[in-house]
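Novice: Predicted model, plus sequence, below.
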Amino acid sequence: MTASIEASSLSIDFPLYHAPARSLKKRLLAKAGIRVRTDESNRVVVQALRQLTFSIGRGERVALVGQNGAGKTTLLRVLAGIYEPVAGSLRVEGEIGSLIDPGAGMDPDSTGRENIRLRALYRNMDHASAMALENEAAEFSGLGEFLDVPIRGYSAGMAVRLSFAMATAIRPQILLMDEWFLAGDADFMGRAEERLARLVQEAEIMVIATHEMSIVRRWCTRVLRLDSGRLVQDGTPDEVLGPA
């Protein structure tokens, strides 16, 4: 199966709850420039993504850029299947590996090792593949005895190590990544850089949300610029960002 992503008029809304405060929230959010509307159920909703249409094919390395709140991470989560569109359509073909949220898909009351095994079960791995995943993730994470501690007790850095080790032990066709995964502790990220570069190279499609233009120019062939939940530019790094 060749990897591909196709979105048509894709939209995401997040409802605001607590009815007595709705009108005040709506006024405050609108004043702050945040997109809000009232849906058919008379709920106030934040419009996170609005009418996005694009396609991504094999071999493309795509950067999502824009100001904070533009919708970059929300779009990554939609592509990963974490959020469901409220309108439009999305078709994703290919196995996905995501470096978005270190806690996503993990059970905080289970140990690191148990979470690795749960990931293997989720991916329907056979016993040999599951053991290979466990051994590789355990070794690369460098968590040692903490691998047998519930991850609820992990520091943020430890959670990133485990999540990174699990995600990069599998060779996905589509790699989804938020730039903050590149901001781990220096010792670990020094070891991780070569591994991550190989993963980026081997993936059929990569999509990364970033503010760092050096990452865009080094890794990406295409840039989607988001603004207030809308796609406002789509082109090469030089076309969207200007010549280096």
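Specialist: Looks like it arrived, so ask away.

Novice: From the centre of this structure outward, give me the first residue you hit.
Specialist: In the chain, the centroid-proximal residue (Cα atoms, centre = their mean) is I100; its distance is 3.5 Å.

Novice: Grab the nearest non-local neighbour of that one.
Specialist: Excluding the flanking residues, the one nearest I100 by Cβ to Cβ, 6 or more residues apart in numbering is D178, at 4.9 Å. (Glycine included, C-beta is placed from N, CA and C.)

Novice: ok, now which ones touch that neighbour?
Specialist: Residues near D178 by Cβ atoms under 8 Å, 6 or more residues apart in numbering: K72, T73, L76, L99, I100, D101, I208, A209, T210.

Novice: Which residue, neighbours along the chain excluded, lies closest to the last one?
Specialist: Counting by Cβ to Cβ, 6+ apart, T210 lies nearest to E179, which is 3.9 Å off, once chain neighbours are set aside.

Novice: Check the gap between that neighbour and L199 for me.
Specialist: Counting by Cβ to Cβ, to the nearest Å, the gap from E179 to L199 is 15 Å.

Novice: the more surrounded of these two?
Specialist: L199 (21 against 18; other Cβ atoms under 10 Å).

Novice: Just to check, that one is in contact with L175?
Specialist: Yes: the pair L199 and L175 passes the contact test of Cβ atoms under 8 Å, sitting 6.2 Å apart.

Novice: Now for the two: what residues contact both?
Specialist: Joint contacts of L199 and L175 (Cβ under 8 Å, 6+ apart) are G97.

Novice: Out of the helices and strands in the protein, which is least certain?
Specialist: In the chain, the helix or strand scored least confidently by mean pLDDT, DSSP states H and E is helix 22-31, which has a mean of 51.

Novice: The nearest residue to D109 once chain neighbours are set aside and V92: what is the separation?
Specialist: Nearest non-adjacent residue to D109, counting by Cβ to Cβ, 6+ apart: P150, 5.6 Å away. Note on P150: its distance to V92, by Cβ to Cβ, is 32 Å.

Novice: Look at the two and report which has more neighbours.
Specialist: Ranked by neighbour count (other Cβ under 10 Å), P150 and V92 place V92 first, with 20 against 15.
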